[in-house]
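**Student:** Could you work out the structure for the sequence below:
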Amino acid sequence: MTTNLNEEQLIKKAEQPGKDAMQLHPFYKGKIEIAPKCCVRDFDDFAIWYTPGVAKPCLDIKENPESVYQHTNKANFVAVVSDGTRVLGLGDIGPEAGMPVMEG
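**Tutor:** Numbers count the residues shown, from 1 in each chain. From the prediction side, this is the model:
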């Protein structure tokens with residue numbers, strides 16, 4: 001009897017992350033968030049980060065391509081590209097169904 005109880009407990013423990021995932025994925029609507037680093041209080045601030053101010057860093061990058069790392073978040077970005085044909089033991093489930101794995 002003890003063996004069956006331990007086995008049942010292990011199965012219950014193994015199933016819990018899936019149950020939690022079904023509650024938390026819809027709650028958070030994904031795992032990644034993008035938030036501004038800079039303050040945008042008014043149109044003067046906006047003019048720095050967008051038009052017309054943003055033209056200066058763009059032109060600097062054009063003249064000195066390595067300055068892209070100084071002016072942008074490029075060093076912190078990655079791209080995850082998948083057609084969803086081999087998703088973590090789930091197989092060919094498609095790109096949309098594979099997104100929760102790719103976001104992780």
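
**Student:** Could you check the pLDDT of Met99?
**Tutor:** Per-residue confidence (pLDDT) for Met99: 88.

**Student:** doesn't it fall inside a helix?
**Tutor:** Yes: counting by DSSP: H, G, I helix; E, B strand; the rest coil, Met99 falls inside a helix.

**Student:** ok, so what distance separates the nearest residue to it once chain neighbours are set aside from Leu10?
**Tutor:** Leaving aside its chain neighbours, Met99 sits nearest to Gly30 (8.0 Å; criterion: Cβ to Cβ, 6 or more residues apart in numbering). In this view, the C-beta of every residue, glycine as well, is placed from N, C-alpha and C. According to Cβ to Cβ, to the nearest Å, Gly30 and Leu10 sit 30 Å apart.

**Student:** Nearest spatial neighbour of the residue most central in space within the chain, chain-adjacent residues omitted?
**Tutor:** The centroid of the chain falls nearest to Ile32 when counting by Cα atoms, centre = their mean (3.6 Å). Nearest residue to Ile32 in three dimensions, chain neighbours excluded: Glu103, at 5.7 Å (Cβ to Cβ, 6+ apart).

**Student:** was I right about the one you found contacting Lys31?
**Tutor:** Yes: using Cβ atoms under 8 Å, Glu103 is in contact with Lys31, at 4.7 Å.

**Student:** Pass me the low-pLDDT residue ranges in this structure, would you?
**Tutor:** The chain contains residues with pLDDT under 70 at 1-3.
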